[in-house]
Each structure stands twice: as C-alpha cells, then as structure tokens.
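Novice: Test case, fold it:
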Amino acid sequence: MSEPLILTSQRGAVRTLTLNRPAALNSFTAQMNEQLRSQLDAAAADPEVRCVVLTGAGRGFCAGQDLADPMVAPSADGEPPKDLGQVIERLYKPLVQRLRSMPVPVIAAVNGVAAGAGANLALNCDLVVAAQSASFIQAFSKIGLIPDTGGTWLLPRLVGRARALGLALLGDKLGAADAERIGLIWKCVADATLAEEVDKLAQKLSTMPAKALAATREVFDAAQHLTLEQALDAEAQVQGQLGRAHDYLEGVAAFSAKRAAVFTDR
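Specialist: Next up, the predicted model:
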C-alpha cells in the first residue's frame with residue numbers, strides 16, 4: 001500500500017498532522033487535500049484532541065497546488081479549459097472553512113517554503129511558528145492567478161492593504177523573520193528549535209480552555225464585519241454562553257484556590 005499523504009501522530013492532547021509528499025515539497029493534489037480535510041474532521045470529532053499542529057514532511061511546508069495534477073493542468077489543444085473555480089469550491093473552500101471552525105486551536109509549524117495555497121493554508125491556522133529558513137510566497141501572480149485559499153480575505157487583515165498588494169502583485173519570497181516583523185505570522189524561531197518551540201506552545205494550548213479559545217477566534221473574525229456597537233453585542237452574547245460553562249467556573253475556582261485549572265469544555 002502507498003504511504004498516506006497525511007501522517008498522523010498524537011502526544012498527550014496534541015494531534016500532529018504532517019503533509020507527506022516531501023519529494024514534491026508537499027504540494028497539493030486533490031487526494032492530499034481530501035485526506036487533510038478528513039484528518040481535520042477526525043481531530044475535531046475526537047474529545048481527546050485539544051490542539052492540532054499542522055506541518056510538512058521533509059524540507060518544505062507546502063509548495064501550494066501541484067500544477068501537474070490533472071484537475072488543474074492546462075487542457076490539451078481543442079479541449080475545454082479547466083474550471084479552477086470549481087476546484088476552489090470543491091477542495092480549497094471547504095478546507096479553509098474546516099480550519100476556521102476547528103473546536104481547538106491549530107498551529108502551523110512552517111519548516112520550509114510555504115507558497116501559494118500552502119502559504120495561505122498556514123496563515124489560516126490560529127498561530128504560525130516558522131523556522132528562520134522558512135519563507136512565504138504569494139506565487140499566484142506568477143501564473144496569472146489571484147490569491148486563493150482565503151488569501152484575499154487574510155492578507156489585508158494581517159498586514160494592511162499596501163503590504164498585502166505588494167506580496168500578492170510581486171509574488172516575492174518573504175523570509176520568516178520579515179514575516180514576523182510585519183505581523184504576517186506569530187513567531188520566527190531558529191531552525192534547530194522549531195519542533196521544541198511548537199511542542200511547548202501546543203502543550204500549553206492543550207491545557208487551556210479550548211472552547212473559549214475557539215470562541216475568541218470566532219468573535220475576532222466576525223468583528224471584522226461589525227460596527228463597535230455590534231461587536232459589543234456579540235461579546236455580551238458569547239460571554240454569556242461561556243459564563244455558564246464548566247471552564248469559567250473551574251477557572252475561577254482554581255484562581256481562588258491558587259491551583260492549576262483543569263479545563264474540559266470543547
């Protein structure tokens with residue numbers, strides 16, 4: 001049997017998903033995309049999982065869409081062109097929606113190049129930790145396309161319109177240190193300590209109140225479209241829900257007793 005395109009491992013409450021096409025810099029095929037979404041679904045449904053780490057095998061995180069894949073490869077002369085919009089609808093849109101609705105925090109551990117859809121896959125995660133040798137490339141303009149996998153929504157919100165357009169129009173390589181400096185990612189670390197830093201962060205998040213962390217992501221994203229008044233109303237509604245949950249009561253009790261809290265909501 002062929003090796004799975006997504007490797008899965010677990011340590012404690014942390015599930016690690018590894019893109020596994022290292023010879024192709026983990027570039028996406030339809031099959032790999034579907035397997036990743038399936039593994040994310042499984043992690044979301046497993047109450048033992050309280051944090052997910054997404055990374056790549058070998059020397060790259062993900063080089064984006066594999067342009068040799070039959071679903072996107074240019075058609076032969078005389079044949080109708082491929083509908084790339086349908087590829088997004090079938091594969092990339094549900095993948096982004098799955099990532100943005102995970103009930104636990106998701107960390108991208110970027111260990112090499114993250115280009116095109118691979119870059120935006122990482123940026124859709126809650127926290128991005130990148131090795132110093134890693135890079136981010138909005139490669140779409142080099143083949144006559146626009147940023148996808150949520151890039152049009154993400155980039156201006158992360159770094160502002162001017163930098164977003166610069167990254168998207170020029171398609172230049174952005175090193176991890178510069179990505180951290182401009183606020184595109186959470187953290188750049190030394191190559192030798194990437195695994196250790198990500199594990200430490202993931203283990204910390206796995207002990208925190210997962211339901212509140214997921215709700216924080218949700219209200220932050222929703223607030224981008226709201227007035228201040230509407231955001232205040234949303235805060236009141238969500239805070240009301242969380243205030244009736246176990247984790248709030250446990251957090252307050254642990255604080256009062258000066259002990260470590262044991263959070264279980266998800």
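
Novice: what about the residue nearest the centre of the chain, distance to Ala68?
Specialist: When the chain is reduced to its mean C-alpha position, the nearest residue by CA atoms, centre = their mean turns out to be Cys125, at 2.2 Å. Distance, Cys125 to Ala68, using CB to CB, to the nearest Å: 26 Å. In short, each C-beta sits where N, CA and C put it, glycine included.

Novice: Distance check, Leu67 against Phe255.
Specialist: 53 Å.

Novice: And for Leu123, nearest residue in space, chain neighbours not counted?
Specialist: Leu154 (5.2 Å; CB to CB, 6 or more residues apart in numbering).

Novice: hang on, the one you found packs against Ala122?
Specialist: No: applying CB atoms under 8 Å, one finds Leu154 not in contact with Ala122, separated by 10.2 Å.

Novice: Comparing those two, which shows the higher neighbour count?
Specialist: Ala122 (28 against 18; other CB atoms under 10 Å).

Novice: Does that one fall in a helix, a strand, or a coil region?
Specialist: helix (DSSP: H, G, I helix; E, B strand; the rest coil).

Novice: repeat for Met208
Specialist: Met208 - assigned by three-state DSSP - is coil.

Novice: picking that back up, next up, the contacts around the residue nearest to Leu123.
Specialist: Listed by CB atoms under 8 Å, 6 or more residues apart in numbering, the contact set of Leu154 reads Asn120, Leu123, Asn124.

Novice: ok, back up a step: just checking, the residue nearest to the centre of the chain touches Val104?
Specialist: No: using CB under 8 Å, Cys125 makes no contact with Val104, being 11.5 Å away.

Novice: contacts for stretch 8-25?
Specialist: 3-7, 26-27, 29, 32, 36, 39-40, 43, 46, 48-63, 66, 112-113, 199, 202-203, 206-207.

Novice: Return the residues in contact with Asp66.
Specialist: Arg21, Ala24, Ser27, Phe28, Thr29, Val72 are the contacts of Asp66 under CB under 8 Å, 6+ apart.

Novice: Just the helices from the stretch 151-266 of the chain, written as ranges.
Specialist: Secondary structure of the stretch 151-266 of the chain by DSSP state H, counting those that start in this stretch: the helices cover 151-159, 161-170, 176-181, 194-206, 210-223, 228-243, 246-257.

Novice: Now that we have the ones you listed, can you turn them into TSV and tack on mean pLDDT and distance to Val14?
Specialist: Listed next are the helices of the stretch 151-266 of the chain as TSV, based on pLDDT from 0 to 100; distance: least, CB to CB, whole Å:
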stretch	mean pLDDT	distance to Val14
helix 151-159	97	24
helix 161-170	98	31
helix 176-181	98	22
helix 194-206	98	4
helix 210-223	96	12
helix 228-243	97	23
helix 246-257	97	19
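
Novice: Make TSV from these and add distance to Asp77 to it.
Specialist: Listed next are the helices of the stretch 151-266 of the chain as TSV, based on distance: least, CB to CB, whole Å:
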stretch	distance to Asp77
helix 151-159	31
helix 161-170	31
helix 176-181	41
helix 194-206	46
helix 210-223	44
helix 228-243	53
helix 246-257	61
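
Novice: how about those, which one is nearest Leu99?
Specialist: helix 210-223 (10.1 Å; CB to CB).

Novice: Which strands or helices does the closest one pack on?
Specialist: When contacts are defined as 3 or more CB pairs under 8 Å, 6 or more residues apart in numbering; DSSP states H and E, helix 210-223 packs onto helix 228-243.

Novice: Can you spell out which helices and strands pack onto the helix it packs on?
Specialist: helix 210-223.

Novice: In the beta-sheet assignment, what are the partners of Val14?
Specialist: Arg11, Cys51 (DSSP bridges).

Novice: Skip the chain neighbours and tell me the closest residue to Leu174.
Specialist: Nearest non-adjacent residue to Leu174 (CB to CB, 6+ apart): Phe136, at 4.7 Å.

Novice: just Ser75 next, same as before
Specialist: Ser75 sits nearest to Pro81 (CB to CB, 6+ apart), 5.4 Å away.
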